[in-house]
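Participant: just a sequence and a predicted model for now, questions to come.
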Amino acid sequence: TNNTRLTVPTGVTKVRLVGQLAIDDHTSGVFAQIGIYKGGLQDYQGSASQRVEITGTVFRLNVASPVLTVAATEYFELFALIETDASITVTDDQTWFAMEIIQ
């Protein structure tokens, strides 16, 4: 139903999240940020994000969380913010988001 989310399965108490955003057709010199929302919130204990200046023609941003203590049905989403550039193209075969179940 919510195909933009990774939801914690029942019985899982610890996870690590990793993701990558690949973009092209963008403006060099602007800033891009990638991060992980938990339950729709950007700020939480263990939150992770990266903000850098875009360079080159194909650009990739990566983010990884520490091991997080979680409860069943909590959910996470990968987000991206691009400064003043509405013309980016997300490279879908190189953009991904994954949950590693630790415990």
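Facilitator: Structure received.
Participant: can you tell me the closest non-neighbouring residue to Tyr37?
Facilitator: Excluding its sequence neighbours, the residue lying closest to Tyr37 (CB to CB, 6 or more residues apart in numbering) is Glu77, at 4.5 Å. In short, each C-beta sits where N, CA and C put it, glycine included.
Participant: now do the contacts for the one you found.
Facilitator: 4-6, 36-37, 40, 97 (CB atoms under 8 Å, 6 or more residues apart in numbering).
Participant: and the two most separated of those residues?
Facilitator: Distance extremes for those: the farthest pair is Gly40 and Phe97 at 15.3 Å, using CB to CB.
Participant: could you tell me the end-to-end distance of stretch 58-74?
Facilitator: This stretch, stretch 58-74, spans 33 Å end to end (CA to CA, to the nearest Å).
Participant: name the residues that touch the helix or strand of the chain with the lowest mean pLDDT?
Facilitator: Among the helical and strand segments of the chain, the one scoring lowest on mean pLDDT, DSSP states H and E is strand 89-90, with a mean of 82. Residues from elsewhere that reach strand 89-90, judged by CB under 8 Å, 6+ apart: 21-26.
Participant: rerun at 10 Å
Facilitator: For strand 89-90, the surrounding residues in contact (CB atoms under 10 Å, 6 or more residues apart in numbering) are 21-26, 58, 80.
Participant: distance between it and the chain's centre?
Facilitator: Chain-centre distance of strand 89-90: 15 Å, with CA atoms, centre = their mean, to the nearest Å.
Participant: low-confidence ranges, the chain, go.
Facilitator: Judged by pLDDT under 70, the chain has its weakly predicted residues at 1, 25, 57, 85-86.
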